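okay, here's the prediction I keep looking at, along with the sequence it came from:
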Amino acid sequence: DTGVSQDPRHKITKRGQNVTFRCDPISEHNRLYWYRQTLGQGPEFLTYFQNEAQLEKSRLLSDRFSAERPKGSFSTLEIQRTEQGDSAMYLCASSAARGTEAFFGQGTRLTVV
Amino acid sequence: KQEVTQIPAALSVPEGENLVLNCSFTDSAIYNLQWFRQDPGKGLTSLLLIQSSQREQTSGRLNASLDKSSGRSTLYIAASQPGDSATYLCAPPDFGGTSYGKLTFGQGTILTVHP
């Protein structure tokens, strides 16, 4: 058990480019969450997967954002046509079952210039 | 909609002090509550998960209490050390309606422990 892994740790991109982040949850965890955190704020929920099904999406997840979890293992979060307001830390978390402890990855820090 | 508030927003103390961090939440129908620490530029590290049926949960120098009826949780840190310096976040999960346990966070308490 190596914990939740996120890649890359840092990403700098020009405005208008597309970016994709990856999250590998703890292997036996079927519940996976994405959050976004801006400086000085707590994380905000983006979307939730149970196995391969995306069951919940926040209003924060505009149509430029898309997430997948093929085969119910790793997940990807893609942002199209990035804007400066997308600059944030993107965090992934996983848990084994309803009401159990959530474990977070180290996050991907996105900077849009 | 669940809202979480943490007091104080920042705390600076000398090493060795016993500390109290407060968390309040507006929806008391919670399943459990989790406390995290976050070091600058890093992800969140889970500290304690306290179930709604529990009053207290302990891990080493940390003790968390939960009072659902009043919408409060408290994290006690005994004999603080410089290595405890971090941002501390509390988060109850949301299982109401069509929610699947997403965590709601406040802004956290920034703790600095001086040697």
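The structure has been received and is ready for your questions.

counting neighbours, what do you get for the residue in chain A positioned nearest to chain B?
Nearest to chain B, among the residues of chain A, is residue A:42, at 2.9 Å (Cβ to the nearest Cβ). The way it works is simple: take the backbone N, C-alpha and C, and place the C-beta from them, glycine included. Neighbour count of residue A:42, defined by other Cβ atoms under 10 Å in any protein chain shown: 22.

find the nearest non-adjacent residue to it, please.
Once flanking residues are discounted, residue A:42 sits nearest to residue B:105: 2.9 Å by Cβ to Cβ, 6 or more residues apart in numbering or on different chains.

share the number of residues neighbouring the one you found, please.
Count around residue B:105 with other Cβ under 10 Å applied: 23.

so which residue is smack in the middle of the chain?
Let's take chain A. residue A:34 (3.6 Å; Cα atoms, centre = their mean).

switch to chain B, that's the one I care about
Using Cα atoms, centre = their mean, the most central residue of chain B is residue B:90, at 3.3 Å.

helix or strand: which one has it?
If you go by DSSP states H and E, residue B:90 is part of strand B:86-91.

what packs against the following helix or strand past that strand?
Remark: after strand B:86-91, the chain's next helix or strand is strand B:93-94, criterion DSSP H and E. For strand B:93-94, the packing partners by 3 or more Cβ pairs under 8 Å, 6 or more residues apart in numbering or on different chains; DSSP states H and E come out as strand B:102-103.

need the residues of chain B near chain A, please.
B:4, B:31-32, B:34, B:36, B:41-46, B:49, B:51, B:89, B:91, B:93, B:95, B:98-108 (Cβ under 8 Å from any Cβ of the partner chain).

got a ChimeraX select line for the buried ones in the residues you listed?
In ChimeraX syntax, the buried subset of those is picked out as below (16 or more other Cβ atoms under 10 Å in any protein chain shown):
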select /B:4,32,34,36,42,43,44,46,49,89,91,93,95,101,102,103,104,105,106,108
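
which ones among the residues of chain B next to chain A are found in strands?
B:4, B:32, B:34, B:36, B:44-46, B:49, B:51, B:89, B:91, B:93, B:102-103 (DSSP state E).

give me the below-cutoff pLDDT ranges for chain A.
Along chain A, segments meeting pLDDT under 70 span A:1.

strands of that one, start to end?
Under DSSP E, chain A gives strands at A:5-7, A:10-13, A:19-24, A:31-37, A:44-50, A:53-57, A:65-68, A:75-79, A:88-95, A:103-104, A:108-112.

any chance of these in CSV with distance to residue B:15 as columns?
Compiled in CSV, the strands of chain A are given as follows (distance: least, Cβ to Cβ, whole Å):
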stretch, distance to residue B:15
strand A:5-7, 33
strand A:10-13, 33
strand A:19-24, 37
strand A:31-37, 29
strand A:44-50, 34
strand A:53-57, 43
strand A:65-68, 43
strand A:75-79, 40
strand A:88-95, 29
strand A:103-104, 28
strand A:108-112, 30
